[in-house]
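*Asks:* sequence first, then the predicted structure, then my questions.
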Amino acid sequence: MTVRPGDSEASTDTRTGSIVAECSAVSRTFGSGTTAVHAVRDVNCRIPSQARVALTGPSGSGKSTLLHLLAGIDTPSAGMVRWPALGHDRHHRRRKIGVVFQGPSLLPSLDVTENVALPLLFGGQADDTARRRAGAALDLVGVGDLAAKLPDELSGGQLQRVAIARVLAARPALILADEPTGKLDHNNAERVVAVLLDTANAIGGALIIATHDASVAARLPDRWVMRDGQLFTHLNADRDMT
């Protein structure tokens, strides 16, 4: 089945559960006039709590922008994004959504444990609880031995795994990962995807991974594809990664 803008909503409707996020005719345009960039065009989608989605498509197709809209860190130019299962309080909702960004996102003055524990402290966790959960998340992604290091002492791949640990430690209801394996070798990429899936299963959260890696996309049961800002689902897997 192919879902195009204007047709029925894209959804992982083989999965049951409450709806953690949904887009209704969402568009995002940067700039105006002849120089306007239409990053996302009339997207309709629905994400249940058990969603396991690989979001693929060429660079510049709108994947990152869509993730930012679903995370609530960007605002649509048209349409609406809702989070039915996460409540109406914006601050509470932000704590229930975890984003793994493409670029560096750690605070350079804090060590690895402090970086991972910081969102938990902001969420009201006691210091010892936050540190314990941070340590467990670091162990999951294989960088527990780096707990006392500063970000500038780490490689790009290590930084990415710490950023993933920070999201997992918070146990969010919606995990949005933007190219989380882009800086990792094959073995570490396999481990990170397994950890993301296992954590989502354990906490009952939804998971969307934007990726260019066919082997990563193959690990998730649902495939969404973006082309020129439009969202499609269940396109032929041989074409999805181009």
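*Replies:* Received it, and whenever you're ready, just let me know what you need. Numbers count the residues shown, from 1 in each chain.

*Asks:* from now on I want contacts and neighbour counts done on CA atoms only, so please keep to that.
*Replies:* Will do.

*Asks:* ranges for the strands of the protein?
*Replies:* In the chain, the segments counted as strands under DSSP state E are 10-11, 19-30, 37-48, 52-56, 78-82, 97-100, 174-178, 206-210, 222-227, 230-233.

*Asks:* any chance of those strands in CSV, with mean neighbour count and mean pLDDT too?
*Replies:* Output for the strands of the chain, formatted as CSV (neighbours: other Cα atoms under 10 Å; pLDDT from 0 to 100):
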stretch, mean neighbour count, mean pLDDT
strand 10-11, 21, 50
strand 19-30, 20, 96
strand 37-48, 22, 96
strand 52-56, 26, 96
strand 78-82, 17, 97
strand 97-100, 23, 93
strand 174-178, 25, 96
strand 206-210, 26, 97
strand 222-227, 23, 95
strand 230-233, 24, 90
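
*Asks:* using CSV, please lay out those strands together with distance to Thr65.
*Replies:* Below are these laid out as CSV (distance: least, Cα to Cα, whole Å):
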stretch, distance to Thr65
strand 10-11, 17
strand 19-30, 8
strand 37-48, 7
strand 52-56, 12
strand 78-82, 13
strand 97-100, 12
strand 174-178, 10
strand 206-210, 11
strand 222-227, 11
strand 230-233, 11
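
*Asks:* nearest to Val167, out of the ones you listed?
*Replies:* Nearest of the strands of the chain to Val167, taken as Cα to Cα: strand 97-100 at 5.2 Å.

*Asks:* list the strands paired with the closest one, with their directions.
*Replies:* strand 174-178 (parallel) (DSSP bridges).

*Asks:* around Arg219, count how many other residues there are.
*Replies:* Neighbours of Arg219 under the rule other Cα atoms under 10 Å: 15.

*Asks:* wait, which of the strands of the chain is closest to Leu67?
*Replies:* It's strand 174-178; of the strands of the chain, that one is closest to Leu67 (Cα to Cα) at 6.5 Å.

*Asks:* check contacts around the most centrally placed residue in the chain.
*Replies:* What sits nearest the mean C-alpha location of the chain, by Cα atoms, centre = their mean, is Leu176, with 1.2 Å. Under the criterion of Cα atoms under 8 Å, 6 or more residues apart in numbering, the neighbours of Leu176 are 67, 71, 97-100, 207-210.

*Asks:* elements contacting the biggest helix by length in the chain?
*Replies:* Scanning the chain for the helix with the most residues, using DSSP state H, yields helix 186-203. If you count contacts as 3 or more Cα pairs under 8 Å, 6 or more residues apart in numbering; DSSP states H and E, helix 186-203 packs onto helix 156-169, strand 206-210, helix 214-217.
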